[in-house]
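K.L.:
from the sequence below, what's the structure:
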Amino acid sequence: MRGEMKYLLARCIATGFGIGYFPYGPGTMGALALTVGYWFAPEIEWIWFVVLLIMGTVVGVVSSSLTERFIQISSGDQTHSDPQIIVIDEIVGMLFALLALPKTATFVAAAFVLFRFFDIVKPFPVNKFEKLPSGWGIMLDDIAAGILANVILHVARMIVAVV
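P.N.:
Purely as a prediction, here's the structure:
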């Protein structure tokens, strides 16, 4: 029974409390849910945002590893990796995309679009991270996509400030 509860909790977290079961674009829906939640959430100090990123990453790696392993065992397909129902990676990746950006409609929307673009297209170096094993590969490619989106938006912000 204890193992079943651990798996159930991991699956709830990994699927974004069910968002991963959305029939069309579950990853996009996970990122969108985070974006909407972020928009309506009160401002927090940057240090707490970083703590949230670290906790989200650790919990994401563990929950996605457990969920992926259970799916592999139950399906009999040991090669099945990064199942679509796992969306904690998109949720945490989107948080990285929003780090230290102004909370304006323009920046939040641009972060969402860029993050989803890099997560789907997986340019270098994002594509290198998905080759890592289990939850590390599931999480780190999306985190890399979020960081890439974030860096581009910060650079654009600096360029606009200079011009």
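K.L.:
any idea which element the most centrally placed residue in the chain lies in?
P.N.:
Nearest to the geometric centre of the chain sits E90, at 2.5 Å (C-alpha atoms, centre = their mean). Using DSSP states H and E, E90 sits in helix 88-98.
K.L.:
helices or strands up against that helix?
P.N.:
Counting contacts by 3 or more C-beta pairs under 8 Å, 6 or more residues apart in numbering; DSSP states H and E, helix 88-98 is packed against helix 26-40, helix 46-75, helix 105-121, helix 134-162. C-betas here are computed from N, CA, C, even on glycine.
K.L.:
quick one: those helices as JSON lines, columns for mean neighbour count too.
P.N.:
JSON lines is the format used below for the helices and strands packed on helix 88-98 (neighbours: other C-beta atoms under 10 Å):
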{"stretch": "helix 26-40", "mean neighbour count": "18"}
{"stretch": "helix 46-75", "mean neighbour count": "16"}
{"stretch": "helix 105-121", "mean neighbour count": "17"}
{"stretch": "helix 134-162", "mean neighbour count": "19"}
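K.L.:
what are the contacting residues of stretch 16-32?
P.N.:
With C-beta atoms under 8 Å, 6 or more residues apart in numbering as the contact definition, stretch 16-32 has outside contacts at 12, 14-15, 33, 84-91, 93-94, 112, 115-116, 119.
K.L.:
if we can go back for a sec, quick check: mean pLDDT of the helix holding E90?
P.N.:
Across helix 88-98, pLDDT averages out at 98.
K.L.:
mind checking how far that helix is from the chain centre?
P.N.:
Its chain's average C-alpha position is 3 Å from that of helix 88-98, according to C-alpha atoms, centre = their mean, to the nearest Å.
K.L.:
Provide the contact partners of the helix-or-strand element of the chain with minimal mean pLDDT at residue level.
P.N.:
Counting by mean pLDDT, DSSP states H and E, the weakest-scoring helix or strand in the chain turns out to be helix 2-14, with a mean of 90. Identification of contacts with helix 2-14 by C-beta under 8 Å, 6+ apart yields 18, 20, 59-60, 62-64, 66-67, 70, 85-88.
K.L.:
N127 is nearest to which of the helices and strands packed on helix 88-98?
P.N.:
With C-beta to C-beta as the measure, helix 134-162 is the member of the helices and strands packed on helix 88-98 nearest N127 (7.2 Å).
K.L.:
which neighbouring elements make contact with that closest one?
P.N.:
helix 46-75, helix 88-98, helix 105-121, helix 126-129.
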